[in-house]
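Peer 1: Quick one, structure for this:
(3 chains)
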Amino acid sequence: MAEVLLKIEGINKRFGGLQALSGVNLEIPKGAIYGLIGPNGAGKTTLFNVLTGLYMPDEGSFTFDGHDLFRAKPHKVVAAGIARTFQNIRLFSEMTALENVMVGRHIKSRAGALGAVLRDPRTRAEEAAIREKAWELLEYVGITDVADDLARNLSYGHQRRLEIARALATEPKLLALDEPAAGMNPRETDDLKHLMSKIRDGGVTILLIEHDVKLVMGLCDRIAVLDYGKRIAEGVPETVRKDPKVIEAYLGVAHE
Amino acid sequence: MDIFLQQILNGLVVGSIYALIALGYTMVYGIMGLINFAHGEVVMFGAMVTITVISALVGAGVSLPGPLLVIIGLLIAIPACMLIGFTIERIAYRPLRGAPRLAPLITAIGLSISLQQVAILIWGRNYIPFPPILNHDVITFLGASITKLQIVIIALCLLIMVGLLTMVEKTKLGRAMRATSQNPAVAGLMGVNVNSIISATFVIGSGLGAVAGVMVATNYDQAHYYMGYMIGMKAFTAAVLGGIGNLGGAVCGGILLGIIESLGAGYIGDLTGGFLGSNYQDVFAFVVLILVLIFRPSGLLGEKLADRA
Amino acid sequence: MTNSTLRGKLGIYLVSAFLLAAQPFLVGGFLGNSWVRIIDFALLYIMLALGLNIVVGFAGLLDMGYIAFYAVGAYTYGLLSSPQFGLHLPFYITIPLGAVCAACFGLLLGTPVLRLKGDYLAIVTLGFGEIIRIFMNNLNQPVNITNGPQGVNLIDPIHLGGLTLGKTMEIGSLSLPVVYLHYYLFLALSVLVVILATRLQRSRIGRAWVALREDDIAAAAMGINIRNIKLLAFALGALSGGIAGGLFASFQGFISPESFGLMESIMILAMVVLGGMGHIPGVVLGAVVLTIAPEILRDTIGPMQMSTFGRMIVDPENARQLLFGLALVVMMLVRPAGMWPSKRRALEFSDAKAKARAQKG
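Peer 2: Residues are numbered from 1 along each chain as shown, chains lettered A, B, ... in the order given. Coordinates of the predicted model:
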């Protein structure tokens, strides 16, 4: 097995009396498309939020590419190389598509307030580079035709793509996608599949939460299954598919 | 020790008035998730209208017992304030439901300024004295003194608050209010007329504000066009302290804030070695407000604060 | 750009530059120097409103205690360049010092309120402003620092060597009264603030602010350090307020807590909101209109009443404030995006309106 990029161990997260995650372990190998599936309310998005610093986990450990990210603030997580998208798309709606991606370059650029007001050659060069890179990313996900449209005026599929481009702008090592195919028609889903493969081939590891089991099975190298905040199965798609616990969780057999 | 008791008593009087006003803020917040910045002005109008009515009656030579005169004044002031509250909601809030949150804030500030200016037009810029019709007899109690009037204020506040809480728990209107505050859309589907519930909330809150305004005026023996601002700020602080949106919390928060403020003013000189005096009394409310919002934004009795707060 | 539009643009710039340069003479000549003074204040308010616009318009943080920073700047200048302590430090120390003090107060305010949003932030900042004012009002005993409600008097005008803005300057046959001199100083500084604000808006920092305003969680997920970017907005806004405060103290020669009340905070917020939040030309327009309109009203309400009714019915000051309050309400109902919003914001508001209408229907 390839080098491990992200390793989380024994992550616990409670909300009041609800144990949202209990002792979750995960090891994501570099260069994989790693699927995270599970029924509604299984804790997938909670795990995502813990991973990206939006929620503070109660216990556990979390190492990414040599950094200890346990209870790290969101911007530290991004700096370490994890970028994400949101299940219910969260774009900066009053900015254009291009500007959205430019915000993604924030972490890879340095100009401060002083640079902004002085507009010294270095700041201007950096600004030009930000714009250029943002444009390249729009090209990469194939939405340059709407570069100057406000994000909220884009079609649903374009918004999803824009969110991915914005996340890629931070130059992540791991791209975490929260149900990117939700609400897409089969053709859009297919396009998305190609995009994800392309991103992986470009050297970015992908963590994918998805509802669409078929999509995950066809695309992912490895899969973990969450149910009631616990990891109930892990492995290559073939094994996971046949795991009785997974079948039970999905079919709801004998659940009390 | 007697200073301590005295300050507690003073705090109790002021605090129960804060509580009454805080109910107005917290009811509106509970239902609409908005801070009604113009509520202090309603309180001020309550005081002003009552004083005007009493003065007119006294001036016309009507000789009735003081308390009865106050009640007549209130009977006019309460509907007047209810009308103002109803109008505030109609003008400043209803047309802007769903608009960016800054918009209703600005309209409320605009109305607040306008109401103050209308008050100046009617009553001028000077302090208006409360007519000397009430008994200010002092009762001494373990070395501390309290007037009979103040006892009446406390008792009346408690009575009104218990009445309101019962109303919200037991009546159909109260049930509809609670439903609306949980989820206006679903309440609407269940046949609750959300618009009229919101109006009712403003009207009831304003009625309470009117009563509170009269209590302030009797307690300090005067009223002023600008009085609503400071008392409104403090009552709002009380609502936040208790947990905004929570009726019981508003009551506890009001009384607690009154006591904190009065103890603070009594002891600040000793605490700072004479550097700061009781003229800093007004700072306490703001400091409490800031501290609560930083360390326990849900307040003492509040549940989780809504995301937008 | 073609040559002719370039020339046209250049022509417009030249004409406006000429008009701005000639303004005190035109206004002073036709309307009198008191109007030049009003325009001087309009320029001060432009600086203030643009400073607040960084906080409210760009970063979306509702600050209702902004006047406190103006006060800090003014008191720093006033206390250090007046007979109050017998210190007469030069402006090039007191104004920057006031700006830095104001920025520190900005951080002091910003740090505890990092978690607050919307109405709550508004009311806490309002409380902060009041606390500052209460202290200015009461710090005259036991040690007299601020001179309490009486305020600080006989503040030095800005002067450098023999050159002073405190008295009429004669250049050849040209005589420049005090208000003209300040006009040019304030104009230069306002233009500078406009340029700086524009540059900030179109920078990495400006984008981060807007991202924060639009969606703070997504902004954090993009690697923006929310705490720092918020504090930067508070500090830079306060800095601008502090500079304007120092200029105010030097221009006026007198300051007291009364100039820094809640009403002033609301006024500046209104300039930003009614002008067009986040849109620099709109905010400038808001500042100018809200400074000049009340003065016009002051001059017209009285005489109008006299000529129509033969006597004063409503005190002009009273009527002015009432109109201001009503204008806030009406503007929000009719043009919630402000007088001159950016094109994007205008769209957003009309969308919100359409949505609200659709929900009602």
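
Peer 1: Burial check on C:L189, number of neighbours?
Peer 2: Counted with other Cβ atoms under 10 Å in any protein chain shown, the neighbours of C:L189 add up to 18. No exception for glycine: its C-beta is placed from N, CA and C like everyone else's.

Peer 1: Likewise for C:G86?
Peer 2: As a burial measure, C:G86 scores 6 neighbours (other Cβ under 10 Å).

Peer 1: That one and chain A: what is the separation?
Peer 2: 36 Å (Cβ to the nearest Cβ, to the nearest Å).

Peer 1: which residues in the stretch 201-309 of chain B form helices?
Peer 2: B:227-242, B:247-271, B:281-295 (DSSP state H, counting those that start in this stretch).

Peer 1: List the buried residues of the longest one.
Peer 2: Within helix B:247-271, the residues scored as buried using 16 or more other Cβ atoms under 10 Å in any protein chain shown are B:247, B:249-266, B:268.

Peer 1: Kindly reformat the helices of the stretch 201-309 of chain B as JSON lines and extend each row with mean pLDDT and distance to chain A.
Peer 2: Listed next are those as JSON lines, based on pLDDT from 0 to 100; distance: least, Cβ to the nearest Cβ, whole Å:
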{"stretch": "helix B:227-242", "mean pLDDT": "91", "distance to chain A": "21"}
{"stretch": "helix B:247-271", "mean pLDDT": "88", "distance to chain A": "19"}
{"stretch": "helix B:281-295", "mean pLDDT": "84", "distance to chain A": "18"}
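
Peer 1: Let me know which of those helices is the nearest to chain C.
Peer 2: helix B:281-295 (3.6 Å; Cβ to the nearest Cβ).

Peer 1: Put the alpha carbons of that closest one into CSV.
Peer 2: Output in CSV follows, covering the C-alpha atoms of helix B:281-295 (Å, rounded to 0.1, in the frame of the first residue of the first chain):
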residue,chain,number,x,y,z
GLN,B,281,-23.2,53.7,37.2
ASP,B,282,-24.3,53.5,33.6
VAL,B,283,-21.1,51.7,32.6
PHE,B,284,-22.1,48.6,34.5
ALA,B,285,-24.9,47.7,32.2
PHE,B,286,-22.6,47.9,29.2
VAL,B,287,-19.8,46.0,30.9
VAL,B,288,-22.3,43.2,31.9
LEU,B,289,-23.7,43.2,28.4
ILE,B,290,-20.2,42.8,26.8
LEU,B,291,-19.1,40.2,29.3
VAL,B,292,-22.2,38.1,28.9
LEU,B,293,-22.0,38.2,25.1
ILE,B,294,-18.4,37.2,25.2
PHE,B,295,-18.5,34.5,27.8
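
Peer 1: Just confirm yes or no for it near chain C.
Peer 2: Yes. Applying Cβ under 8 Å from any Cβ of the partner chain, one finds helix B:281-295 touching chain C at B:D282, B:V283, B:A285, B:F286, B:V287, B:L289, B:I290, B:L293, B:I294.

Peer 1: count of neighbours near residue 36?
Peer 2: Went with chain A since none was named. 30.

Peer 1: sorry, should have said chain B
Peer 2: By other Cβ under 10 Å, 30 other residues sit near B:N36.

Peer 1: what's the closest non-adjacent residue to it?
Peer 2: B:V28 (4.6 Å; Cβ to Cβ, 6 or more residues apart in numbering or on different chains).

Peer 1: about what we covered before: export the residues of helix B:281-295 next to chain C as JSON lines, with columns for distance to A:K7 and neighbour count.
Peer 2: Converted to JSON lines, these look like this (distance: Cβ to Cβ, whole Å; neighbours: other Cβ atoms under 10 Å in any protein chain shown):
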{"residue": "B:D282", "distance to A:K7": "56", "neighbour count": "19"}
{"residue": "B:V283", "distance to A:K7": "52", "neighbour count": "20"}
{"residue": "B:A285", "distance to A:K7": "51", "neighbour count": "26"}
{"residue": "B:F286", "distance to A:K7": "49", "neighbour count": "21"}
{"residue": "B:V287", "distance to A:K7": "47", "neighbour count": "16"}
{"residue": "B:L289", "distance to A:K7": "45", "neighbour count": "25"}
{"residue": "B:I290", "distance to A:K7": "42", "neighbour count": "21"}
{"residue": "B:L293", "distance to A:K7": "39", "neighbour count": "25"}
{"residue": "B:I294", "distance to A:K7": "36", "neighbour count": "15"}
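
Peer 1: Pull the most distant pair out of those.
Peer 2: By the measure Cβ to Cβ, B:D282 and B:I294 form the most distant pair in the residues of helix B:281-295 next to chain C, at 19.5 Å.
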